[in-house]
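Trainee: coords below, sequence missing:
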């Protein structure tokens, strides 16, 4: 069974009619439950539930403390290349955008690794544009071989791979993937992905499960909020994560909450997602999936990220750059999108301590 079959169960669901019928009693009943159904989760994403964010947040905080303690895991992204063959209207790496394209040499990968590891970080997320020619699996493996000297945990955010390719990268030292579906609504997906292999909706939506079957240690998914109605997109991402967690109990499943950010190009998002909306999504994820990790990146502002600690977030990026060579090289590429929170690792550590939490630089170590 594929998650796509679960998606089809709700494809023609009357979300608007459902939301209009949610009552105050429904939300109060949900707050008293230990285990939520999918429809309970959907109610938490309703306008009615927005009136109960404070008591819902208190329960989310309690569940987070029970399952994760008072810790925030820190990581940083490292861009290996920005060559891309896709025409995605919302992305700065869009093949039609006239930007400086770049790919790190192995010597430059080591220089970036040294610069990042000198900050104390031991968890890294490596990214490429979606080009098999310029960022082949073999190239990624060669980069991972170097990065293993400096980092205890290496995750990838690259184009969707086949199961045997995920196995190859796991054998090389990769232990996690991040892969956003971007948009779960199938019709909207095709409108936003005009050309290239990324236009293949099914191949992308099944990629996290291929990684699970390959025995990837951690799998992080999400929707890119702002591309379509955030309530339904958050629901699809949540039930996708729940599907994976139920089916692959030995894999650490987590969710990210990225919002569209300014980038090279003229695309304007369809749906505005306010800070309050993002808080509602996070709280709903935590109440529906108490054991799921939740990541908030530097797409978000300092103020918002500070205030989200304690509400469900378990992992944050620090000292981020979306440029190829952005951590150590003068000859950098242009970034994929604009960073909002530009604090360095020390500043992030101080903020986390000030909230009464402990910054953690690695969440596991391979034997």
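Mentor: That came through fine. Just so we're clear, the structure is a prediction, and the values are computed from it rather than from any experiment.
Trainee: For the rest of this, base every contact and every neighbour count on C-alpha atoms.
Mentor: OK.
Trainee: Now do the strands in this protein.
Mentor: Assigned by DSSP state E, the chain shows strands spanning 71-79, 87-88, 123-127, 153-157, 176-182, 193-195, 218-223, 252-256, 293-296, 315-317, 358-360.
Trainee: Quick one: those as TSV, columns for mean pLDDT, distance to residue 277 and mean neighbour count too.
Mentor: TSV is the format used below for those (pLDDT from 0 to 100; distance: least, CA to CA, whole Å; neighbours: other CA atoms under 10 Å):
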stretch	mean pLDDT	distance to residue 277	mean neighbour count
strand 71-79	93	22	23
strand 87-88	92	25	22
strand 123-127	95	27	23
strand 153-157	97	26	22
strand 176-182	97	18	23
strand 193-195	94	25	17
strand 218-223	98	14	24
strand 252-256	97	14	24
strand 293-296	95	14	23
strand 315-317	93	19	22
strand 358-360	93	26	18
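Trainee: Tell me which of those strands sits nearest to residue 22.
Mentor: Smallest distance to residue 22 across the strands of the chain (CA to CA): 24.0 Å, for strand 218-223.
Trainee: Could you dump the strands of the chain into JSON lines and include distance to residue 205?
Mentor: Listed next are the strands of the chain as JSON lines, based on distance: least, CA to CA, whole Å:
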{"stretch": "strand 71-79", "distance to residue 205": "23"}
{"stretch": "strand 87-88", "distance to residue 205": "16"}
{"stretch": "strand 123-127", "distance to residue 205": "19"}
{"stretch": "strand 153-157", "distance to residue 205": "14"}
{"stretch": "strand 176-182", "distance to residue 205": "6"}
{"stretch": "strand 193-195", "distance to residue 205": "14"}
{"stretch": "strand 218-223", "distance to residue 205": "10"}
{"stretch": "strand 252-256", "distance to residue 205": "14"}
{"stretch": "strand 293-296", "distance to residue 205": "19"}
{"stretch": "strand 315-317", "distance to residue 205": "23"}
{"stretch": "strand 358-360", "distance to residue 205": "31"}
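Trainee: Of all these, which one is nearest residue 47?
Mentor: Using CA to CA as the measure, strand 218-223 is the one of these that comes nearest residue 47, at 19.6 Å.
Trainee: Off-centre distance for the closest one?
Mentor: How far strand 218-223 lies from its chain's middle: 5 Å, per CA atoms, centre = their mean, to the nearest Å.
Trainee: now that strand against strand 252-256, angle please.
Mentor: In terms of direction (axes from the mean of the first three to the mean of the last three CA atoms, to 10 degrees), strand 218-223 departs from strand 252-256 by 30 degrees.
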